[in-house]
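Engineer: What would the 3D arrangement of this be:
(one chain, ligands or ions: 2)
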Amino acid sequence: MSLYQATASAPVNIACIKYWGKRDTKLILPTNSSLSVTLDQDHLRSTTTSRADPSFTKDRLWLNGKEDEIKDGGRLATCIAEMKRMRKELEDKSPNEPKLSSYNVHICSHNNFPTAAGLASSASGFAALVKSLATLYALPASPSELSLIARQGSGSACRSLMGGFVAWEQGTSPNGSDSLAIQVAPREHWEDIHALICVVSDDKKGTSSTSGMQRTVETSPLIQHRIRNVVPQRMRDISEAIQKKDFDTFARITMQDSNQFHAVCLDTDPPIFYMNDVSRTIIALVVEYNRVSVEAGGKLKAAYTFDAGPNAVIYAPKENIREIVEMIVNYFPQADPFKDPFGLFGTTGVQGGVVSGFNTAVAKQFAVGSVKGLIHTRVGDGPRVLGAEEGLLGPNGLPKTLL
Ligand SMILES: Nc1ncnc2c1ncn2[C@@H]1O[C@H](COP(=O)(O)OP(=O)(O)OP(=O)(O)O)[C@@H](O)[C@H]1O
Ligand SMILES: C[C@@](O)(CCOP(=O)(O)OP(=O)(O)O)CC(=O)O
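Structural biologist: Numbering: from 1, shown residues only. Ligands and ions are numbered 1, 2, ... in the order given. From the prediction side, this is the model:
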C-alpha cells in the first residue's frame, strides 16, 4: 500500500502596503493591491502534513494538536476543494495517476508562534496548507497559481507563497483569476532587510481582520480616498524603492501606510482600535531614532508597521538592529533574555540604551512584560517541501502528538 503524504512549511509575511477591504467577500478579492516582506521560516513558520487515503471517512484538520471543524462552504473547505479540483484535472489528463482526488485527506498543522494573535498565522497557515496539498497531488502549479487558492483561505496568505518582497495585485476580473501574488524581488536581492517583532500581546484579538475590514468598507469615507488616490502610487513607489534598495523611501512609505491603515480603522463606525499605548510609544521611539539620524544629515534607519493588533514590526537594515533592540529594551525591560539568532550581542547580553542625541523624554519607561518578547528575524524564502521524517501524522493517520 502506498503512502500518499506530503509535508511543507510556509512563512509569515508582514505588509508594508496594507490589504484592508474586500470587494468580494466569498472569493476574497481586495479593494486595493498590497505588498509585503516574507519573513524567515527559520524563526516563524507553519508546518503542515497532508495525507490522502481511501480509508479516511471525511476530510479532517488538526491545528496545534486540536481538531478544527472543516465547515461546509467555509474557507478551509474551499481551499481543499480547489486543490482536489486541480488534482482531478491532472488525473483526467494522466489516467495512470492514482485517483487521490477521490480520497479524503487528513491535515495536521503546527505554528511555532501564537495563533490568531496578529502575527499573521492565517497567512503562513493557509500557505502551508496549499503547498502541502500541491505537493501531495504533484500539481505542476506555479507559486502565483497556488496564491489564487491560498487567497481564498485568507487574503494575506496569497503573499506567503513566495519569498522576498511580494505584491498582491488586486486584479479586475469578477471571478478573481487575476487577483494573485507576484514576486517583486527575491530575498537575495535585498537580504539586508531585517525585522524586529515586538510582541505586545499574544492574546486572541478583539475585532478579527475579516469583520473589521468589512465594517470599514461599509462605513468609512476615508477608505475610498485611500483606495482611489493613495495606494496605487504607493505600490509603484515602494516597488521602485525595493528595486533600488532605497531604504529611506521604503521606510517612509511603510510607516505612512501603517498610519493610514490605522486611520481608516478609526474612521470606521463604530471605530476600531488595534494599537495601544505600548504600540504608540514604539512609534514615538522609532520617530525619535530616525530624527536623530536625519538631523545629523543621515537617512531613515527604521520603519514601524502594525497589523490588526498592538504588536509592532520594525523593519531596518541589519546594521541598525542592535541599536533598535537596545532602545526598545531601555523603555520596555524584558523578563527573558533576548534570543540573539544573529549573534549581535556576543556573550554580554543586551544592555538598554539610546543613541547619542536621543531625547529620552519622548517616552516613559514601562513595566517588565509590557513588551512580552522580541523576535529578531529577516526577509526569507518561500514555502519549503520537507522530508517524510518531518511528517506530523502517525501511521494511523492521526497527529503524532495524539499518539
Ligand atoms: N497552520 C494553520 N493551518 C490552517 N489554518 C490556520 C493555521 N494557522 C492559523 N490558521 C487559521 O487562521 C486563523 C487565525 O487567523 P486570524 O486572521 O484571526 O489571525 P492572524 O492571522 O494571527 O492575524 P492577522 O492575519 O490579522 O495578522 C485560525 O483561527 C485558523 O483558522
Ligand atoms: C492588517 C492585515 O494584516 C490584514 C490581513 O487580513 P487577513 O488576510 O487576515 O483577512 P482575511 O482575508 O479576511 O482572512 C494587512 C495585510 O496583511 O495586508
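Engineer: To what extent is the residue of the stretch 251-400 of the chain found nearest ligand 2 buried, counted in neighbours?
Structural biologist: Of all residues in the stretch 251-400 of the chain, the one sitting closest to ligand 2 is residue 307 (3.8 Å; C-beta to the nearest ligand atom). Heads up, the C-betas are built off the backbone N, CA and C, glycines and all. Under the neighbour criterion other C-beta atoms under 10 Å, residue 307 is assigned a count of 24.
Engineer: Are we agreed that residue 197 is in a helix?
Structural biologist: No. Using DSSP: H, G, I helix; E, B strand; the rest coil, the assignment for residue 197 is strand, not a helix.
Engineer: Look up the closest residue to it, ignoring the ones flanking it.
Structural biologist: residue 375 (4.2 Å; C-beta to C-beta, 6 or more residues apart in numbering).
Engineer: Okay, and that neighbour sits in which element?
Structural biologist: Using DSSP states H and E, residue 375 falls within strand 373-378.
Engineer: do that strand and ligand 1 meet?
Structural biologist: No. Counting by C-beta under 6 Å from any ligand atom, ligand 1 is not contacted by strand 373-378; separation bottoms out at 13.9 Å.
Engineer: for the record, mean pLDDT for that strand?
Structural biologist: Strand 373-378 shows a mean pLDDT of 96.
Engineer: next structured bit after it?
Structural biologist: strand 384-386.
Engineer: Any buried residues in that following strand, and which?
Structural biologist: For strand 384-386, burial by neighbour count (16 or more other C-beta atoms under 10 Å) applies to 384, 386.
Engineer: and residue 305, what does it touch?
Structural biologist: Contacts for residue 305 (C-beta atoms under 8 Å, 6 or more residues apart in numbering) come out as 14-16, 254-255, 257-258, 312-315.
Engineer: do that again at 7 Å, thanks
Structural biologist: The contact partners of residue 305, taken as C-beta atoms under 7 Å, 6 or more residues apart in numbering, are 14, 16, 254, 258, 313, 315.
Engineer: Can you report how many residues lie near residue 328?
Structural biologist: 25.
Engineer: Strand partners (parallel or antiparallel) of the strand holding residue 375?
Structural biologist: Applying DSSP bridges, strand 373-378 is found paired with strand 193-199 (antiparallel).
Engineer: The strand it pairs with near ligand 1 anywhere?
Structural biologist: No. Counting by C-beta under 6 Å from any ligand atom, ligand 1 has no neighbours in strand 193-199; the shortest distance is 11.5 Å.
Engineer: Next SSE downstream of that strand?
Structural biologist: Downstream of strand 193-199 (by DSSP H and E), the next one is helix 209-219.
Engineer: pLDDT of that following helix, averaged?
Structural biologist: For helix 209-219, the per-residue pLDDT averages 97.
Engineer: For this protein, which segments count as helices?
Structural biologist: All helices of the chain, identified by DSSP state H, fall at 75-93, 121-136, 143-150, 209-219, 221-225, 231-244, 247-266, 277-295, 318-331.
Engineer: what about the ones you listed, which gets the closest to residue 57?
Structural biologist: When the helices of the chain are compared by C-beta to C-beta, helix 75-93 sits nearest residue 57, at 15.0 Å.
Engineer: re the thing from before, my read: the residue nearest to residue 197 touches residue 198, true?
Structural biologist: No. Judged on C-beta atoms under 7 Å, residue 375 makes no contact with residue 198 at a distance of 8.4 Å.
Engineer: And those two? Which one has more around it.
Structural biologist: The residue with more neighbours, out of residue 375 and residue 198, is residue 198; 24 against 19, by other C-beta under 10 Å.
Engineer: And the pLDDT at residue 114?
Structural biologist: Looking at residue 114, the pLDDT reads 74.
Engineer: Can you give me the neighbour number for it?
Structural biologist: Residue 114, neighbours per other C-beta under 10 Å, totals 17.
Engineer: how close does the residue nearest to it when sequence neighbours are not counted sit to ligand 2?
Structural biologist: The shortest distance from residue 114 to any non-neighbouring residue, by C-beta to C-beta, 6+ apart, is to residue 202 (4.0 Å). Per C-beta to the nearest ligand atom, to the nearest Å, residue 202 is found 16 Å from ligand 2.
Engineer: I'd like the numbering to begin with 390 instead of 1 from here.
Structural biologist: Yes, from this point I'll number from 390; that puts the last item at residue 591.
Engineer: Ramachandran angles for residue 745?
Structural biologist: phi -70, psi 140 (degrees, to the nearest 10).
Engineer: residues in contact with residue 407?
Structural biologist: Taking C-beta under 7 Å, 6+ apart as the test, what residue 407 contacts is 423, 646, 650.
Engineer: Which residues of this protein lie near ligand 2?
Structural biologist: 404, 407-409, 417, 423, 511, 543-545, 598-599, 696-697.
Engineer: Now the buried members of these.
Structural biologist: Judged by 16+ other C-beta under 10 Å, buried ones among the residues of the chain next to ligand 2: 404, 407-409, 417, 423, 511, 543-545, 598, 696-697.
Engineer: Let's have those residues in a markdown table, adding distance to residue 674.
Structural biologist: Shown next, in a markdown table, are those (distance: C-beta to C-beta, whole Å):
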| residue | distance to residue 674 |
| --- | --- |
| 404 | 21 |
| 407 | 21 |
| 408 | 27 |
| 409 | 25 |
| 417 | 35 |
| 423 | 26 |
| 511 | 29 |
| 543 | 31 |
| 544 | 30 |
| 545 | 26 |
| 598 | 26 |
| 696 | 19 |
| 697 | 22 |
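Engineer: That'll do, ta.
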